[in-house]
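In: For reference, the sequence and a predicted model appear below.
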Amino acid sequence: MEQSEAMVSTREGQFAGRRRLVGLAAGVGLVLAGCAKNAPQDTFQPAGSNAREIDGLQRELFYVSGIVGLIVFAAILYAIIKFKDRGQDIPEQSHGNPKLEILLTILPAIILAVVAVPSVAAVFKLDKKDNDCVINVTGQQWWWEYDYVQGSTCGGVEITKSIVTSGELVIPAHTDVLLRITSRDVIHSYWIPRLNGKRDAVPGRLHTLRMQADQAGIYTGQCTEFCGLSHARMRQAAVALEAADFQTWVTNQTADYVAPEADTLAATGEATFVAQCSRCHQVNDLLSPDGTPVLAEPDLYVVSGAAPNLSKLMTRTAFAGWTFDLISAECRDKLWNAPPDEFGALYLQGVTPECFDEANLRTWLRNAPAMKPMYADPTKLASTGGKTRGMPNLNLTEDQIDELIAYMLERK
Amino acid sequence: MSAVTDTTHDAEHAAEAHDGHHTPSDRHFIIIAGWLALLTALETSTYWIDLGSFATPLLLIMMTIKFFMIILVFMHLKYDSKLFSVMFYIGLGLAILVYSVFLATFQFFAR
Amino acid sequence: MADITIHEGAAAPADHGHDDHGHDDHGGAHVTSTGLSNNKLAMWLFLGSECLLFGGLISTYMLYRGRHGGGPGPAQVFDIPLTSVSSFVLLMSSLTMVLAVNSAKRLDDRNTRLWLMATALLGALFVGGQVYEFTAFYQEGLGFTTSLFSSSFFTLTGFHGVHVTLGVVMLIALAAIIGRGRISGDKAEVVEMVGLYWHFVDVVWVVIFTLVYLIPA
Amino acid sequence: MAIIERPATVPAFVGDASASPPALVTPTAALGAFKRPVSTTGWKSWVFTVDHKKLGLMYGAVSLFFFLVGGLEALLIRLQLAAPDNTVLSADLYNQMFTMHATTMVFLFVMPMAAAFANYFLPLQVGARDVAFPRINALGFWLFLFGGIFLNTSWVLGGAADGGWFMYSPNSSPLFSPSHGIDFWVLGLQITGIASLVGAINLIVTIINMRAPGMSLMRMPVFAWMQLVTQFLLLFAMPVITVALFLLSFQRNFGAAFFDVEKGADPLLWQHLFWIFGHPEVYIIILPSFGIISEVLPTFSRKPLFGYKFVVFSGAAIGTVGWGVWAHHMFASGLGPVSVAVFSAATMLVAIPTGVKICNWTLTLWGGKLWFTTAMNFAIGVIVLFTIGGLSGVTHASAPADTQQTDTYHIVAHFHYVIVGGAVMGLFAGFYYWWPKMFGKLLSERLGKWNFWLMFFGVNLTFAPMHILGMQGQPRRMVVWPKKLTGEGFFNLGFWNQVATVGSFTIALGVLIFVINIFVTAKKVEKAPLDPWDARTLEWMTASPPKEHNFDSIPTVHALDEFFHRKYEEVDTEDGPRLVRVKSAEQILAEEEAAGDAHIHLPSPSYWPIVLAFSLPVIAYGVIFNLMLSVVGAGIMILGLFGWVLEPSVADDSDYDPPAEGSGPSKELASIG
Ligand code: HEA
Ligand code: HEA
Ligand code: CUA
Ligand SMILES: [Cu+2]
């Protein structure tokens, strides 16, 4: 923003020409901001009412401060050139001009009042909480869990059964959704730049944030409160779907568990999963060989007390704090750039075998902490009573990994 | 800080206060201590006498009186240079203001 | 802080420059620009800053006093009669302190020492009461780490207790030094300095007694 | 050296020597445990010194060193961020790096460097012979030094703090940060905090009580004023962080519950306490530099500061309003809309007094006779760069807008503009302006210009792109930024991150040239003129470097800019009144010397400050590793305290060698001590 003016107006000495150019370029660039391509987290491209509200205010602020800056720099520049020592007399030792001073105090006050009023108004406007659609959002080291509140109605779709997912927040487009945000361990912050500002997820407190998207599409974000080792790898996205598509998504998420066909690789995978993974990860309605439901107890093994629900892993496009892709780069680009009317269908396909990027998941299962730093060194867990923060290295064999991947591929 | 805009003037002013040493007599101190003791007794009595919603404001008032008796008399703030009062009250006032707002953000403003 | 007991400032612009502009020079006793003692000014500044220290601790306690999560809470553990007595003791130590200061101003070393020792004794009694209180609480199951209430209570009153203890040490040391004639500066001022500190600690207790003990959570 | 007896040939004019105050104390060697150290040369003259000028230089040297350390850390950060998914630093190391970068820069560079200037120049500017409490001054320096060393030993003792410089709970709890890094951080800041607190008391008393005759507050140089405000901010802000640090260390080391959410703790407690300190802290960082440039600009514009009173009062106003805005760091923390609205509006208020300053500086240039020395360049640089940073600050002040900006590089851009562009450049202006005063030699102007332009250009190159990065959605404190989110076109993250990295090395080059300049200047034989800048204030009315006792005679002050008015007088000519030079600095100095004071008491060196200061890190290591060590530390502390209290405040004559026959008063040190 203002830096461009700085560059324009502070030119002195030998760099003048070059700096003016850079400044000009930055200025023109600013105007073109709306055209920045493929900038998924650009706050200047709001895609929902809340973000637009902020954007309007923010632009006003930038213009006001830009103009103030220009005036100040113009004055300094003029003084520098005009009053340079050219052998003139020592000036009169005047101590100021109170009238001018008072004027120069009142003027900024007025300017500030002009920006303060809409700011305060916007604070309250953005704080509305009257929503039918409520989603609980819980941050933990280093991923987000979503829990669609049973009984709430989202874009005309009633949530009859609680849905627990991670990473990708699927919401109906054109609809105000209320997120109830908290944390299980340290402070995180939920941010989808194109939909709204940030709201911290503070353990022991419940904060709300409204989301609304104008169009179907995918909107990326990032945890923005420093939360320890893998803060940089704690990402998230919001996926907006048209009402019908959202209905399809909800139906699929709440659909019954389909066990793998017997004697397939996936079926072996199911057993491996029960043996290795299910103590932390829940797959809904999964039964153990003796017919009892398999219930995860992540609180016994993980500091934050949770691990992602894997029932529908393959309906998501990225995993582990939405950092690593489940689909190939081409498929991702296609999805991200899909026009709104085609987006829903494409997204609902989930991870298709053609698009599946096996390498990432494989590396993850081979040794998760090597891929994403997590305090999981088994020799250093004294302070946490043996619990890990994140997923430990399980020392799986390549065969086991094959089986598990086959099993995972069917979780959609 | 306005109290010290001119050194010369100040020096005179303070010197006056200083030389004068309007220190209260021992007797005066003992009387004050008597009042303090009485107030403490009253304060403590609220533990046995149920005053309902009056208790808190009453206690706060008595606390404030005691506070200032000690500050003003025992610590000579009343008799000493204004400058000392200024130094101390800036800190005291700032503390009261800042921490009240701080507690208020938890209790009243937070929703 | 120990600095207050010895006159530090040999550096004052003590000497008379050429004095051609009628600056009224106060001669020996008043060497500072305001005519006030450096030490006393410093002490008041320090006390002003202490307001923010104790303010922070008190606010933390006020925020957390209700949060005892099943453990003993203020209503269960506080022994108001006992605390009232020790509050009274501390209050009276302020009286003995001013008497010490007055004696010092009268250059009455014997009484100064006497009152100083009395103040120290009362202070020690108060600290003793606090130690007793802490052990009693501990036996009732309220440890430092038990709950937010306990941590903030012990921290606040502990900080105050440490201040009192330091004060007692200062008082005793002062009495001893006066006894041996080892104070090189203005003796009365040194006593007054310790007095200011002592009264402040007392005043803090006045606030704590009301806010922590008497006003129901 | 304690007492300076001037030869009796000093002409009268001097007040009656017998009327000089009775020596404030009448020490005898028997009072103290040891005789006081009296060395005037060699390392002992530095280690045991209580001279504000020596302490000022030591403060300066040490903080300059820490600047290089913090800068090195910044360069590593920038290297890591130069390319997507980079691997220069591991996540763990990166987190330590930015935490320590910020901690080092703020607490071990900018604050102590401002203290260096305050120490050196406040007594000179107000016409005093030293600060009010010289031993406490020494204590402050050693606490700062030992605290800084203590903090940095964490690098080799299990890793440095990794929670970010505001160290939010509960991430700072032992459960989430089990290494000792945060313990070092907490205790280290506690130690340097004591240094700041005692320093604040000392300097406030100095300013209020030690002014030369006639130096009323409204005749005080603006630097002294801004330091006064700064020291008040320190006085009241340090206890708040002290409380916060105590709570945290009680939690980490003794199991207290303060930030234990399981037990019902509210993590916002820490945030409030930290920022109640933290926001005044940012004004603590900037005001000394405001003071410096308020000296530099008038000097090189050859006219008084425009609106002196307004500048002074706006400084005080900033200091006051600054206490009511802390929660603007918490707009996304979930305070509730009422608090957010109130703090948002309050924050905007701060822009008014700051704006007053910017306007007054610009108007000081207006109509002047501008001399573009390096110091002047830096000062003008400050106005420009600080304004950019200040204006982006106003964009954060609007809470809804801030929810988009907070914790992104947009904020990083804001505070580096105000800090590097404002505070650091201001300190550099101070270096160039006062170097001849401190060392009697002028820094090379040729190198200085390179230094300035590289830094000015570098700051813009480094931090301007960060505005873009932030608005494009790059959060701060991220060890990597992923390639897939860089975007395309003009605003792609990759390009601007590279620009920022190049910029940071440009700054480094500038700083390197400054370091070279120091060495080049030290080699130079040519002495600086007595008054190289035709300056305006008292510190120039003495030798360069000043004599041990600062002034031969304490000057009597008649006006703001006293020195200038002694040099110049208004003379009526045909075309109106003209300012003409009536005296040279040398003449004025000679007059002063001739009228020198006869009997000058200076504080004597002391062992105890360093002993007392040393005890604290020992105690702190003990808290971390073994409480027995703390007991040892406490022992040293008690020893130090008693030594301190019982020490006579002036060295006894018997501590000095007896003067050689006929050689006048001796300055030789005795063999003991
Ligand atoms: C030197 C230090 C310094 C200074 C002086 C300032 C000055 C200001 N700061 Fe800054 N700030 C920091 C250091 C500083 N800041 C740091 C370190 C952080 C980040 C901490 C962290 O998170 O790690 C921060 C963060 C920060 C935030 C929180 C951002 C966030 O994390 O979300 C905010 C929000 O309001 C803010 C606002 C301001 C304002 C309004 C000013 C004002 O004082 C600025 C006033 C100046 C001007 C406005 C320019 C000149 C005025 C005029 C030319 C007059 C006319 C102007 C108008 C009419 C607008 N700052
Ligand atoms: C006084 C304060 C101060 C100063 C001066 C600086 C100076 C600089 N800072 Fe920093 N910075 C902070 C305070 C400061 N910073 C704070 C508070 C944070 C927030 C931390 C947090 O989030 O917790 C931060 C964070 C921060 C970040 C963000 C990290 C992140 O969020 O992930 C970055 C990234 O570019 C950065 C860069 C720089 C650079 C390039 C400089 C440059 O200006 C530095 C220039 C100096 C030099 C380059 C030194 C010269 C060195 C040499 C010449 C080498 C020679 C070496 C030897 C001889 C040993 N800083
Ligand atoms: Cu979670 Cu950062
Ligand atoms: Cu701030």
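Out: Cool, got the structure. Numbering: from 1, shown residues only, chains lettered A, B, ... in the order given. Ligands and ions are numbered 1, 2, ... in the order given.
In: wait, what's in contact with residue A:159?
Out: Residue A:159 is in contact with A:148-153, A:250, counting by Cβ atoms under 8 Å, 6 or more residues apart in numbering or on different chains. No exception for glycine: its C-beta is placed from N, CA and C like everyone else's.
In: pLDDT weak spots in chain C?
Out: C:1-31, C:181-185, C:217 (pLDDT under 70).
In: how about the helices of it, start to end?
Out: Ranges of helices in chain C, per DSSP state H, are C:38-64, C:74-77, C:80-105, C:109-139, C:148-179, C:187-208.
In: wait, which of those helices is closest to ligand 2?
Out: Ligand 2 lies closest, by Cβ to the nearest ligand atom, to one member of the helices of chain C: helix C:38-64, at 22.4 Å.
In: domain ranges for chain A?
Out: A:41-82+A:94-127, A:133-253, A:265-408 (automatic domain parsing).
In: Of all those, which one is nearest ligand 3?
Out: domain A:133-253 (3.2 Å).
In: so what are the domain limits for chain B?
Out: B:24-79, B:81-111.
In: what about the residue nearest to residue D:644 when sequence neighbours are not counted, how many neighbours?
Out: By the measure of Cβ to Cβ, 6 or more residues apart in numbering or on different chains, the closest residue to residue D:644 outside its immediate chain neighbours is residue D:608, 4.1 Å from it. Using other Cβ atoms under 10 Å in any protein chain shown, residue D:608 is surrounded by 25 other residues.
In: Could I get the contacting residues of residue D:608?
Out: Residue D:608 makes contacts with D:135, D:640, D:643-644, D:647, as judged by Cβ under 8 Å, 6+ apart.
In: how close does it get to residue D:48?
Out: For residue D:608, the distance to residue D:48 equals 9 Å [Cβ to Cβ, to the nearest Å].
In: Can you classify whichever residue of the stretch 1-150 of chain A sits closest to chain B by secondary structure?
Out: Nearest residue of the stretch 1-150 of chain A to chain B, counting by Cβ to the nearest Cβ: residue A:127, 8.4 Å away. With DSSP: H, G, I helix; E, B strand; the rest coil as the basis, residue A:127 sits in coil.
In: residues near it, how many?
Out: Residue A:127 - counted by other Cβ under 10 Å - has 17 other residues nearby.
In: List the residues that contact the residue of the stretch 201-350 of chain A found nearest chain C.
Out: Nearest residue of the stretch 201-350 of chain A to chain C: residue A:204, at 10.5 Å (Cβ to the nearest Cβ). By Cβ under 8 Å, 6+ apart, the contact set of residue A:204 is A:182, D:261, D:264-267.
In: and it, what element?
Out: Using DSSP states H and E, residue A:204 sits within no helix or strand.
In: ditto for the one 5 residues further on
Out: Using DSSP H and E, the secondary-structure element containing residue A:209 is strand A:207-211.
In: Could you tell me the angle between the helix or strand just after that strand and strand A:207-211?
Out: Under the assignment DSSP H and E, the closest C-terminal helix or strand after strand A:207-211 is strand A:217-222. Counting by axes from the mean of the first three to the mean of the last three Cα atoms, to 10 degrees, strand A:217-222 lies at 150 degrees to strand A:207-211.
In: Please spell out which residues along the helix or strand just after strand A:217-222 are buried.
Out: Counting by DSSP H and E, the next helix or strand C-terminal to strand A:217-222 is strand A:235-241. Buried residues in strand A:235-241, counted by 16 or more other Cβ atoms under 10 Å in any protein chain shown: A:235-241.
In: Name the next helix or strand downstream of strand A:235-241, please.
Out: Moving toward the C-terminus from strand A:235-241, the next element (DSSP H and E) is helix A:243-254.
In: just how off-centre is that next one within its chain?
Out: Offset of helix A:243-254 from its chain centre (Cα atoms, centre = their mean, to the nearest Å): 22 Å.
In: returning to what we had before: so what does the strand holding residue A:209 touch, helix or strand wise?
Out: Here strand A:207-211 touches strand A:177-183, strand A:199-201, going by 3 or more Cβ pairs under 8 Å, 6 or more residues apart in numbering or on different chains; DSSP states H and E.
In: and the shortest one, which strands flank it?
Out: Neighbouring strands of strand A:199-201 in its sheet, by DSSP bridges, are strand A:188-190 (antiparallel).
In: what do you get for the first one?
Out: Partners of strand A:177-183 in the sheet, by DSSP bridges, are strand A:133-140 (parallel), strand A:207-211 (antiparallel).
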